[in-house]
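Q: heads up, no residue letters with this:
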Ligand SMILES: *Cc1c(COP(=O)(O)O)cnc(C)c1O
């Protein structure tokens, strides 16, 4: 293998391994159906779980706020971009999560990078679930703290690693941070929260939970996993939520104690060195947050859709995912077969994304079905029917060369 490969060779290599990715051009708003390449497809790809991305009230709120605030924020939050709209959203998010304070970031990626980078650095240690979202992993790797990962969902493995780290080195033991997705984005399973809280307590580590897929969807009023298990800031000091998924807008936030948020304002580089998100977006998010809290039927609908999907898979004799969230993986294994099945579904008018490495570990390529409150039970039945036909028609492992 030459030490440097040309860009063209690297691209060809991705194609050969069925790992090449392409963007599709969407021609309309998110919803139950998506207009793509001139066709209307039944959409099972979107993380718009509550169906709020194109809600008329959220749109109207964005329009009105744009008339009031204009479009661009003009500067970063620390210069002159932090408006009353951002402030109001932060206060509402603090109330929603039951925490003293919240800080809005431009994206979940930025929030995770920013929070980890502000909390730990050289001399500290960071421990992450092996299947954490890329933004948590990248934040850990780039923090300059000593990075280790523990087996997926395995708090005992985490504890061993914390113990081992404590046993080495005569130098000052730095701060330890444990970070995990609350609900894992590609499998929809939940982290072992009670165990993580216990281990973090025993070792004096901070615990950071990313609730990107739990908030809005899980627990009372959509307050997420951490709230459902009644853990406060003493147990989970760093809580991250995103606004581009269940809340249907864009951005993210970190919620916690007053001092944590102050530290992030002083130290989180992806917060400091970036233009504030538009004030109108903050206003629209405030509207969607209210709807998400109040309209319990959206969460009930999601539970009904998942139950119907599981029943359907059961009748087909297919493995039923452990996930009860609107993220439902259909494990295939090989990336080529996964792509073939996704293409077959699309021919039949259904959009279901094929998820391949490096997003998921090698050998675990899958279709990732996501439901939204905009779907009906008949949509699930259609999915099951087309899926059954697609799986029957799929060549055996290795057949396609
Ligand atoms: C999507 C996601 C993010 C990133 O959020 P964005 O706002 O899309 O940047 C972070 N963490 C998890 C677990 C996610 O699924």
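A: That came through fine. What you are looking at is a predicted structure, and each value in this text was computed from that prediction instead of being measured.
Q: Endpoints of stretch 195-215, how far apart?
A: End-to-end distance of stretch 195-215: 20 Å, with Cα to Cα, to the nearest Å as the criterion.
Q: max-length helix in this protein?
A: The helix spanning the most residues in the chain, taking DSSP state H as the definition, is helix 296-316.
Q: what packs against it?
A: helix 377-393 (3 or more Cβ pairs under 8 Å, 6 or more residues apart in numbering; DSSP states H and E). Where you see a C-beta, it was placed from the backbone N, CA and C, and this is true even at glycine.
Q: Tell me the secondary structure at the closest residue to residue 244 other than its chain neighbours.
A: Nearest non-adjacent residue to residue 244, counting by Cβ to Cβ, 6 or more residues apart in numbering: residue 250, 4.7 Å away. The local conformation at residue 250, judged by DSSP: H, G, I helix; E, B strand; the rest coil, is coil.
Q: Dihedrals phi and psi, residue 250?
A: Main-chain torsions, residue 250, degrees, to the nearest 10: phi -160, psi 150.
Q: contacting residues for it?
A: 107, 243-244, 277, 281, 285 (Cβ atoms under 8 Å, 6 or more residues apart in numbering).
Q: what do you get for residue 382?
A: Neighbour list for residue 382: 42, 350 [criterion: Cβ under 8 Å, 6+ apart].
Q: same deal with residue 124?
A: Contacts of residue 124 by Cβ under 8 Å, 6+ apart are 143, 145-146, 174-177.
Q: Would you mind listing what in the stretch 1-150 of the chain touches the ligand?
A: Within the stretch 1-150 of the chain, the residues that sit near the ligand (Cβ under 6 Å from any ligand atom) are 107-109, 112, 133, 135.
Q: Go again with 5 Å.
A: Neighbours of the ligand within the stretch 1-150 of the chain, by Cβ under 5 Å from any ligand atom: 107-109, 133, 135.
Q: From the residues you listed, pick the one nearest residue 191.
A: Nearest to residue 191 out of these is residue 133 (Cβ to Cβ; 11.7 Å).
Q: Surely the closest one and residue 111 touch.
A: No. Residue 133 is not in contact with residue 111 according to Cβ atoms under 8 Å; the separation is 11.0 Å.
Q: who has more neighbours, the two?
A: Ranked by neighbour count (other Cβ atoms under 10 Å), residue 133 and residue 111 place residue 111 first, with 30 against 25.
Q: which residues are contacting the strand or helix carrying the more buried one?
A: Element membership for residue 111, per DSSP states H and E: helix 108-119. Helix 108-119 is contacted from outside by 105, 126, 133-136, 138-140, 142-143, 175, 177, 179, 206, 208, 210, 212, 238, 240, 242, 244, 252-254, 263-264, 266-271, 274, using Cβ under 8 Å, 6+ apart.
Q: Taking their axis directions, the helix or strand that that helix is followed by and helix 108-119 sit at what angle?
A: As assigned by DSSP H and E, the chain's next helix or strand after helix 108-119 is strand 125-129. Angle of strand 125-129 versus helix 108-119, following axes from the mean of the first three to the mean of the last three Cα atoms, to 10 degrees, is 150 degrees.
Q: which other helices and strands contact strand 125-129?
A: Strand 125-129 packs on helix 134-142, strand 146-150, helix 155-167, strand 176-181, going by 3+ Cβ pairs under 8 Å, 6+ apart.
Q: Name the residues that touch that strand?
A: For strand 125-129, using Cβ under 8 Å, 6+ apart, the contacting residues are 116, 120, 136-137, 140, 143, 145-150, 152-153, 158, 161-162, 165, 174-181, 184, 191, 205.
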